[in-house]
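>>> Pasting the sequence and the predicted coordinates here, then a few questions.
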Amino acid sequence: MNALDLLRKTKEALAISGIDNAVREAELIVSSCLGTDRVVLYRDNPPISRDDVAKIEEHVRRRSKSEPMQYILGFTEFLGLKIKVGPGVLIPRPETELLAEEAIKIISKFDVRLPDCHMLDLCTGTGCLALAIAREFPEAHVYGTDISGSAIDYSKANARLNRVDTVIFLRGSLFGPVEKSLRFDLIISNPPYIRHGDIDLLQPEIKNYEPAGALDGGGDGLSYYRTIIPAAKAYLKQRGVLMLEIGLGQSHEIREMAEHEGLSGISLLRDYSGIERIFIAGKE
């Protein structure tokens, strides 16, 4: 059997299982199992070994049960970084890439020497935010914390994979593992913000596979913000910046929390769907 024959069968199997964009996903599965790319696949139509057929069929079986493609392949991409993912860690989203891009723009305007710059990524997960920032500003001091041991394992593995060795990843809840004396120029976070009652309404790929602890933001989705925002004020340097990814319809209440804590310069940025997704505030 050749690659294009198996590609056709893979596409048909995914389509029958109700997978959207079955053609693209079939191309991903076949090309990744063969260790090649889409162009070579169509140009050369290479022969397929029995082992390759078995591997592809296993990938199709898993995807047909709605397991995320990123878990099946074992990796995803984040601002040019290759990010290892799997059960026990949240898959980075395009909205979080946008958060990283905006953070890099803000850091580049800081009136502070990079060797004196300290940044903290709360709920670091795969470490994608911390690693994107550290790759861009290798002289800065970047920390990432997460309560999940699995997440910290992934973040450290991703640091090695991308040869970014300047981030310190610490296991613990939010600010818990951070030295009390440390103060930060930037605190950034993509915390859990899905309302508890909405988790069962999410796509099967999310609710059945991604870790509930990385999704569940409590009854109204705001539990983590109620902890992060007051504590952030104490951990920020003067003129420090707090950046948060937030959920649909949460901007008004989060703004009120920040104003109550005396944070200023508040702004909100919309994502690619027009949703207010990035919350930014500062400490005067």
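Received the coordinates, thanks. Numbers count the residues shown, from 1 in each chain.

>>> This protein: strands as residue ranges?
75-78, 81-84, 118-122, 141-146, 167-171, 184-189, 236-245, 264-270, 276-282 (DSSP state E).

>>> Just the CA trace of stretch 4-20, in CSV.
Below are the C-alpha coordinates for stretch 4-20, written out as CSV (Å, rounded to 0.1, in the frame of the first residue of the first chain):
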residue,chain,number,x,y,z
LEU,A,4,-2.0,8.2,-0.8
ASP,A,5,-4.1,5.1,-0.7
LEU,A,6,-3.8,5.0,3.1
LEU,A,7,-4.4,8.8,3.3
ARG,A,8,-7.7,8.3,1.4
LYS,A,9,-8.8,5.5,3.8
THR,A,10,-7.7,7.5,6.8
LYS,A,11,-9.8,10.5,5.6
GLU,A,12,-12.8,8.3,5.1
ALA,A,13,-12.5,6.7,8.5
LEU,A,14,-12.3,10.1,10.2
ALA,A,15,-15.2,11.5,8.2
ILE,A,16,-17.4,8.6,9.2
SER,A,17,-16.5,9.3,12.8
GLY,A,18,-17.8,12.9,12.5
ILE,A,19,-14.4,14.5,12.6
ASP,A,20,-14.4,18.0,11.2
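
>>> Give me the contacts around it.
The contact list for stretch 4-20, computed with C-beta atoms under 8 Å, 6 or more residues apart in numbering, reads 22-23, 25-27, 29-30, 41-42, 45, 48, 53, 56, 60, 63-64. Any C-beta I mention is one placed from the backbone N, CA and C, and that applies to glycine too.

>>> what's the answer for stretch 57-64, then?
If you take C-beta under 8 Å, 6+ apart as the criterion, stretch 57-64 is touched by T10, A13, L14, S17, I19, E25, I29, C33, M69, Y71, I72.

>>> List buried residues within those.
When these are checked for burial by 16 or more other C-beta atoms under 10 Å, the buried set is T10, A13, L14, I19, E25, I29, C33, M69, Y71, I72.

>>> Run a quick neighbour tally on the residue nearest to I280 when sequence neighbours are not counted.
By the measure of C-beta to C-beta, 6 or more residues apart in numbering, the closest residue to I280 outside its immediate chain neighbours is S267, 4.8 Å from it. S267: 11 surrounding residues under other C-beta atoms under 10 Å.
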